[in-house]
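Enquirer: Take a look and give me a structure for this.
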Amino acid sequence: AELLAYFNSYVNKFDLKQHIKFNTKVVKAIPLENKWKLFFEDSSEDFDYLIVANGHHWSPRIPTFEGEFSGELMHSHQFKNNEYFKDKSVLVVGGGNSACDIAVEVSRVAKKTSISMRRGYHFIPKFMMGMPSDVYYAKSLWIPQRLRLILQKLALRIVQGSYKDYGLQKPDHDILQSHATINSELLYFIKHGKISPKKNIRCFSGDNVEFIDGEKEKYDIVMFATGYKIKFPFFSNSTIDYENNDIDLYNFCFHPEYSNLMFVGLLQPLGCIWPLSDLQSQQIVKYLRNEWNVPKDFKQAVKDNSAMMVKTKASVCHKCKGKGKIHKTKKDGTPFAKPNRCPECDTRGYKLTKLRHMAGLGFFPPSKEWVSANGFSTSKGNLEGLINIAKAKDLTYAESFLSDLKRLVFCSPRTHLIASTTFD
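Expert: Predicted coordinates:
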């Protein structure tokens, strides 16, 4: 209710209702010469620019298994509350945030609740040392990557014990190497017998579900919490097709072939998507006003964007002249902090860019070059631009941004993000 009230107040404040066509389905979008023709159910209209912001969490991705299930198959997209599942036997499929949250809620009223995972996951508590887990993580970024990873594993092991003791599979990846599953209740409910963990499904047979370890159970409902497809039904697949997540957009926004086609929100951040969508919207406005333009070498820029999601370039140590190893990033695109010493020659003063993460942009690593190339500016002695970039991800980063920035910028004379910035 509060969120709806905010949206309505926003629309009223900026008088946007006159520009919105409610209950209007876009059936087809066809590119014309420097325009887009949109076909609605009963009409059509031409537009100079097309900005797509229909989201990517609406078309359920449901895996297929051998056999047929005689009970009810559902997707997490259909879940509203747990009332429907009262006194029923329910199997939730998945290991992400939605799967764990739904399993916990369903187990409060269901006769039997199980959760099937195809692999092992790390489950991160919502709060660590009295702080939200993302805030706790942000405050630990000053610790060198390898040591931080050891401490994170140790902290979870102390609090949770071994996943094997819960009947769960051992994770096949490091913490935060895949999208984090944040849940404080799943392990508690498993230990109290309210939820029973299962391995991946092998096949269905009537109301029986057989798992890959040979175990069989009867269920009334199988709930798939297995993600979504990226679909744009109004585009021809030959024009736009991102179902396999092969996204060739600059900053996940600007299309390589159609200069009048942009996307907003086609990304999966660690935190809330709205601040990043707002940042994309600001950049689109600058583009439409001719205050900023896409890079001339578009394909290379997209390639660089993609590379930033899997690694950051090796920083140059002033002693060993660039022989340092490449520092990996998490697969979610958020760069790890650099170590205190150069990995090749053990020289101090090598911790350069916790700043990239403090700006909180993940796939938008805000180097000085990126800030300039994307239409943001920072003048000498003025950090407003950088602070706004930090706020674009999460206010919790912005609160400690200045103090962390002041401390880190002096860790090395080679800090490249704000080399020309001074502090009052």
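Enquirer: switch to C-alpha atoms for all contacts and neighbour counts from now on
Expert: OK.
Enquirer: mind checking how far Ser116 is from Gly55?
Expert: Distance of Ser116 to Gly55, given as C-alpha to C-alpha, to the nearest Å: 27 Å.
Enquirer: between the two, who's got more neighbours?
Expert: Ser116 (22 against 15; other C-alpha atoms under 10 Å).
Enquirer: Isn't that one up against Ile195?
Expert: No. Here Ser116 does not reach Ile195: they are 10.4 Å apart, not a contact under C-alpha atoms under 8 Å.
Enquirer: Show me which positions of stretch 224-234 end up buried.
Expert: Phe224, Ala225, Thr226, Gly227, Tyr228, Lys229, Ile230, Lys231, Phe232, Phe234 (16 or more other C-alpha atoms under 10 Å).
Enquirer: Please give the element, helix or strand, for Ala29.
Expert: strand 26-32 (DSSP states H and E).
Enquirer: Show me which residues of that strand are buried.
Expert: Lys28, Ala29, Pro31.
Enquirer: I'd like to know the average pLDDT value across that strand.
Expert: The average of the pLDDT scores along strand 26-32 is 94.
Enquirer: just stretch 121-137 next, same as before
Expert: Averaged across stretch 121-137, pLDDT comes to 87.
Enquirer: Give me the phi and psi for Leu50.
Expert: Dihedral angles phi and psi of Leu50 (degrees, to the nearest 10) take the values phi -130, psi 120.
Enquirer: whoops, Glu72 was the one
Expert: Backbone geometry at Glu72, expressed as degrees, to the nearest 10, gives phi -100, psi 130.
Enquirer: wait, what's in contact with the residue lying closest to it once chain neighbours are set aside?
Expert: When the adjacent residues along the chain are set aside, Glu72 lies closest to Ile221, with 4.7 Å between them (C-alpha to C-alpha, 6 or more residues apart in numbering). Residues in contact with Ile221, defined by C-alpha atoms under 8 Å, 6 or more residues apart in numbering, are Gly71, Glu72, Leu73, Met74, Lys88, Ser89, Val90, Leu91.
Enquirer: hang on, Tyr163 packs against Gln169?
Expert: Yes. With contact defined as C-alpha under 8 Å, Tyr163 reaches Gln169; the gap is 6.6 Å.
Enquirer: Tell me where the stretch 301-424 of the chain is predicted with low confidence.
Expert: Within the stretch 301-424 of the chain, the ranges that satisfy pLDDT under 70 run 305-424.
Enquirer: in what helix or strand does Met74 lie?
Expert: Short version: Met74 belongs to strand 72-75, going by DSSP H and E.
Enquirer: I appreciate the help and will end here.
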